[in-house]
Structures are given as structure tokens and as C-alpha cells.
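In: need a 3D model of the sequence below.
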Amino acid sequence: MKSLETKTGYPKAFFFTGASLLVSVVVYLIGGVKLISDLFGFFYPAYMSFKAIDTPQESDNTQWLTYWVVFSVFSIVESCAMFITNFIPFYFFIKIAFFLYLYHPKFNGASLIYQQIRPFILPYLDMAKTQKKVN
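Out: Residues are numbered from 1 along each chain as shown. The predicted structure is shown next:
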């Protein structure tokens, strides 16, 4: 990178910006804003989940496991309601902001939303546990 900088006379930040723009345009052309929002909701949380597995703290494991539960519920609801989301302007930008809210440490939105959806999911988990004991 340094040799490229000396040969051309342009700073390396210029090349980094150009490469980032090129990658963004290619990703946009391949899958559109939906792909970008899905990648936004997947890559950073996946990276942090892998890091959390290797740490001795349980709190980060809980945070990322909670994120993935909320992410899964959101993905299922979104796929069932895709006909509605098509009519929401800037839906995928709202989705990106929602993912940021879910995993940003300042907001920790995944745990707040998990507390809201837990009462709806828990009876089904208890029912499955009871059925497993019967069989």
C-alpha cells in the first residue's frame, strides 16, 4: 500500500475509499439494499459471537445469544410479512437502524425486545419439554 502511495502520489485513504465504494456498489448490484441490510445484521454480530465464545465472561455469551434469538424471530416475521414491508418507504434503512439498536452496547435492544417476546415463546418451550418427558 505504501509503494502504491509513493508511486501515484495519492494518500492510501484515497485507495481505501475507492475500494470500499467499489465493493459497496458490487454488493448493491448483486443483491440490492436487502442484501446490504442482511449482511449488516449478520457479519458484525457473527464476528462478536465468535469472539464471545472464546472469552470466560458469560455476559457477552448471553448478549449475543439473545441477539440471535431476536434476529431469528425478526427474520421469520419479516419473511411472513414481506408483502407489507414492500410498501414501507426506506424499509431496509429502517431495518439497518433496527439491527444497530439490537446489538449496539449502548442500547442493548436485543435484551429489551427478548423480554417482550419471551412470554409468547416460553409456553411453547414448556409444552415441548412436557411432550418430551411423555415420549
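
In: from T62, how far out is the residue nearest to the spatial centre of the chain?
Out: Closest to where the C-alpha atoms of the chain average out (CA atoms, centre = their mean) is G41, at 1.8 Å. For G41, the distance to T62 equals 19 Å [CB to CB, to the nearest Å]. (C-beta placed from N, C-alpha, C; glycine too.)

In: and for A52?
Out: Here the criterion is CB to CB. By it, A52 lies 9 Å from T62.

In: who has more neighbours out of those two?
Out: Between A52 and T62, counted using other CB atoms under 10 Å, A52 has the larger neighbour count: 18 against 14.

In: show the low-confidence segments of the chain, by residue range.
Out: 1, 135 (pLDDT under 70).

In: show me which helix runs longest in this structure.
Out: Across the chain, the helix with the greatest residue count (assigned by DSSP state H) is helix 12-53.

In: check which helices and strands that one sits against.
Out: helix 2-8, helix 59-80, helix 91-103 (3 or more CB pairs under 8 Å, 6 or more residues apart in numbering; DSSP states H and E).

In: in TSV, list the ones you listed along with distance to Q131.
Out: Below are these laid out as TSV (distance: least, CB to CB, whole Å):
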stretch	distance to Q131
helix 2-8	63
helix 59-80	21
helix 91-103	31
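
In: distance from the centroid: which residue in the protein tops it?
Out: What lies farthest from the middle of the chain is K7; by CA atoms, centre = their mean that is 39.5 Å.

In: from F15, how far out is that one?
Out: The gap separating K7 from F15 is 11 Å, by CB to CB.

In: same thing with L39?
Out: Distance, L39 to F15, by CB to CB: 23 Å.

In: returning to that earlier point: what's the burial count for the residue lying closest to the residue nearest to the centre of the chain once chain neighbours are set aside?
Out: Residue nearest to G41 in three dimensions, not counting chain neighbours: F99, with 4.0 Å by CB to CB, 6 or more residues apart in numbering. F99 has 23 neighbours, counted by other CB under 10 Å.
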